[in-house]
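Student: coords please:
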Amino acid sequence: MSVMESLRERKKAITRRAIREAAERLFAERGYDEVTVAEIADAANVSVKTLFVYYRSKEDLVFADTELLDRLVAGLAARADGVSPARAVADVLAEAAAETGGGLESYHRAYGESPALRSGLLRMWAEFEDRIVEQLAAEGGGPATPAMRLRAIQLVGIVRTTTSPELRDNPGGLADWLEQAPGLVEG
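Tutor: The predicted structure follows:
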């Protein structure tokens, strides 16, 4: 029986990933607002009904992947002595950008200007902030403090700026920004 459950769970994971990857590809090609749920389902080779079993809405497809947040928190936790939190965040972002071909152009095309995603992005940034505060508190060995919250806001600011209109208009400036940002945050 456990083997069947394991197979069932693996199939669910494959379907979930296929839907998310199809959505990401279509959003990158045409932009979030220009893609329908039916097109995503078709590209993932599932029915619209099946898509909604895995994701409650089209917006959920954008915010379902927590990989970047997990990587940021892990990067903070694993940083060497003497490496500032801001440098650790910038390094994780530079690594992620390198994995996507050196830029965030497809991200900007997919999500950057969509008014429909604005509130979801704000919720996502708040989640990033909360998780970073938790990590900073764990490192400090005590409860979270207002200073930790301010630090988390600054660190999330580095992440948010990578998707800002200023860098959207200058995609080649990402590497420069990630080099400058830690010094600006650390003052």
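Student: can you pull the buried residues of the lengthiest helix in the chain?
Tutor: Identified as the longest helix of the chain according to DSSP state H is helix 2-30. For helix 2-30, the neighbour count (16 or more other C-beta atoms under 10 Å) marks 15-16, 19-20, 22-28 as buried. C-beta: built from backbone N, CA, C; applies to glycine.
Student: Might you list the low-confidence residue ranges for the protein?
Tutor: 1-4, 100-113, 171 (pLDDT under 70).
Student: Spell out which residues make up each domain of it.
Tutor: 2-56, 67-186 (automatic domain parsing).
Student: in the helix or strand containing Glu179, what's buried?
Tutor: Glu179 belongs to helix 174-186 when assigned by DSSP states H and E. For helix 174-186, a neighbour-count test (16+ other C-beta under 10 Å) marks 174, 177-178, 181-182, 185 as buried.
Student: Would you mind giving these as a markdown table with distance to Asp91 added?
Tutor: As requested, those are exported to a markdown table (distance: C-beta to C-beta, whole Å):
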| residue | distance to Asp91 |
| --- | --- |
| Leu174 | 13 |
| Trp177 | 13 |
| Leu178 | 8 |
| Ala181 | 11 |
| Pro182 | 9 |
| Val185 | 13 |
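Student: just those now: which is nearest Glu99?
Tutor: Leu174 (13.0 Å; C-beta to C-beta).
Student: Kindly provide the distance from that closest one to Arg168.
Tutor: Using C-beta to C-beta, to the nearest Å, Leu174 is found at 10 Å from Arg168.
Student: any idea how far Ala175 is from the residue minimising distance to the centre of the chain?
Tutor: Of all residues in the chain, the one closest to the mean position by C-alpha atoms, centre = their mean is Leu68, 4.4 Å from it. Applying C-beta to C-beta, the value for Leu68 to Ala175 is 18 Å.
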